[in-house]
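*Asks:* Starting from these lines, generate the structure:
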Amino acid sequence: MIRRATLAARVAAALAAGIVAAVIFTMVAPGPRSLIVWLVLIGAVYYFVFKLAQRVSFEAIRARGVPPPED
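*Replies:* Model (predicted):
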């Protein structure tokens, strides 16, 4: 369950970070001095969306009654 939730979260976070990066680099056109700030912002968006999507997808998988894999 955790692997499935993590995979879904990585996809969602990559899409969100990609959209934010596209908006920043097409509309804002950051200069060389402010580029690091924008890159940190993109990293922060990825991290927060990843954590949120991971928790939501884990709870959705668990609510569907999917049994955990047996090792």
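
*Asks:* Specify the local secondary structure of the residue nearest to the spatial centre of the chain.
*Replies:* For the chain, Ala13 is the residue whose C-alpha lies nearest the centre (Cα atoms, centre = their mean; 1.6 Å). Under DSSP: H, G, I helix; E, B strand; the rest coil, the three-state class of Ala13 is helix.

*Asks:* was I right about it contacting Tyr46?
*Replies:* Yes. Contact status for Ala13 versus Tyr46: in contact at 4.8 Å, counting by Cβ atoms under 8 Å. The way it works is simple: take the backbone N, C-alpha and C, and place the C-beta from them, glycine included.

*Asks:* show me what contacts Arg4?
*Replies:* Residues near Arg4 by Cβ atoms under 8 Å, 6 or more residues apart in numbering: 57, 61.

*Asks:* How about Val49?
*Replies:* Val49 makes contacts with 9, 12-13, 16-17, as judged by Cβ under 8 Å, 6+ apart.

*Asks:* Mind doing that once more with 10 Å?
*Replies:* With contact taken as Cβ atoms under 10 Å, 6 or more residues apart in numbering, Val49 is in contact with 9-10, 12-17, 20.

*Asks:* And for Arg33?
*Replies:* With Cβ under 10 Å, 6+ apart, Arg33 has no contacts at all.

*Asks:* what about it, which SS state?
*Replies:* Put simply, Arg33 is coil when judged by three-state DSSP.

*Asks:* I'd guessed the residue nearest to the centre of the chain sits against Ser57; true?
*Replies:* No. Proximity of Ala13 to Ser57 does not meet the contact threshold set by Cβ atoms under 10 Å, at 11.1 Å.
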